[in-house]
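[1] I would like the atomic coordinates for the input below:
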Amino acid sequence: MPIASFSKLARFSDACGAEIPRWMRRKFESFGDDTESIRAFGLDVVTELCQRLIERGAPGLHFYSMNQARLTLELCRRLGR
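    Sure thing, here's the model as predicted:
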């Protein structure tokens, strides 16, 4: 899932019972309302996670774009897809 907003990420994770790692939560909180920094950091984190999945043999990826097509397209570009 592309990360466009920390508050949306937190709501989504709470709704499905997933926890946001403490290091990631602290980093997001350090950005305050700086939307561009949140998106940039989110893209970096999700790109790295996707690369690890692909390297470990994941047959494909499925993204919940949450109406954030631009971020999803950027993730695909970074992954060479």
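[2] going forward, measure contacts and count neighbours with C-alpha atoms only.
    OK.
[3] give me every residue that touches residue 1.
    46, 63-66, 72 (Cα atoms under 8 Å, 6 or more residues apart in numbering).
[4] Assign the residue lying closest to it once chain neighbours are set aside to helix, strand or coil.
    Of all residues not flanking residue 1 in the chain, residue 64 sits nearest, at 4.9 Å (Cα to Cα, 6 or more residues apart in numbering). Following DSSP: H, G, I helix; E, B strand; the rest coil, the label given to residue 64 is coil.
[5] Give me the distance between the residue of the chain most remote from its centre and residue 13.
    Using Cα atoms, centre = their mean, the residue of the chain lying farthest from its centre is residue 57. It sits 19.9 Å away. Distance, residue 57 to residue 13, by Cα to Cα, to the nearest Å: 25 Å.
[6] Same question for residue 48.
    Counting by Cα to Cα, the gap from residue 48 to residue 13 is 19 Å.
[7] elements contacting the lengthiest helix in the chain?
    Ranked by number of residues, the top helix in the chain under DSSP state H is helix 35-55. Packing partners of helix 35-55 (3 or more Cα pairs under 8 Å, 6 or more residues apart in numbering; DSSP states H and E): helix 69-78.
[8] tell me which strands and helices the helix it packs on is in contact with?
    helix 35-55.
[9] and the angle for the helix it packs on with helix 69-78?
    Relative orientation of helix 35-55 versus helix 69-78 (axes from the mean of the first three to the mean of the last three Cα atoms, to 10 degrees): 40 degrees.
[10] now helix 35-55: mean pLDDT?
    For helix 35-55, the mean per-residue pLDDT is 96.
[11] Which of the three states applies to residue 61?
    coil.
[12] Brilliant, that's me finished.
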